[in-house]
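**Student:** Quick check, what structure comes out for this input:
(one chain, ligands or ions: 1)
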Amino acid sequence: MIIPKAERKTIQTLTECSCRWPIGDPQSAEFHFCGKNKVPGLPYCEFHARRAFQPPQTRRREREVVEPMVGGAIENLTRKETV
Ligand SMILES: [Zn+2]
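**Tutor:** Residues are numbered from 1 along each chain as shown. Sure thing, here's the model as predicted:
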């Protein structure tokens with residue numbers, strides 16, 4: 001996922017509803033955060049919440065990789081997509 005420069009967030013411009021997924025090298029000037037509207041209850045947008053809680057190298061069934069604390073939110077996301 002490439003974030004347009006205008007939409008990039010730094011630690012200074014992040015808001016409470018911004019996705020906090022870090023992109024790039026923290027040592028680099030290009031480093032930024034995703035900044036899209038986050039999923040309520042999670043620090044990330046829908047895209048990054050999936051990335052965070054369903055690592056690609058984990059090939060187990062969805063239910064087994066979902067953290068108990070965020071299970072409800074992720075389940076809602078999944079449901080939305082399949083409807
Ligand atoms: Zn994001």
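**Student:** Quick check: pLDDT value at Thr10.
**Tutor:** Model confidence at Thr10, given as pLDDT, is 87.
**Student:** Around it, how many other residues sit close by?
**Tutor:** Using other CB atoms under 10 Å, Thr10 has 11 neighbouring residues. Quick note: C-beta positions are derived from backbone N, CA and C, even for glycine.
**Student:** before we move on, what about Ile3?
**Tutor:** Counted with other CB under 10 Å, residues neighbouring Ile3 total 17.
**Student:** Also Lys38?
**Tutor:** Using other CB under 10 Å, Lys38 is surrounded by 21 other residues.
**Student:** so what's it up against?
**Tutor:** Taking CB atoms under 8 Å, 6 or more residues apart in numbering as the contact definition, Lys38 lies against Cys17, Ser18, Cys19, Arg20, Tyr44, Cys45, Ala49.
**Student:** From Glu30, how far out is the fourth one?
**Tutor:** Separation of Arg20 from Glu30 (CB to CB, to the nearest Å): 17 Å.
**Student:** ok, now the third one?
**Tutor:** Here Cys19 is placed at a distance of 17 Å from Glu30 (CB to CB).
**Student:** Those two: which has the busier surroundings?
**Tutor:** Shown here are Cys19 and Glu30; by other CB under 10 Å, Cys19 has more neighbours (24 against 10).
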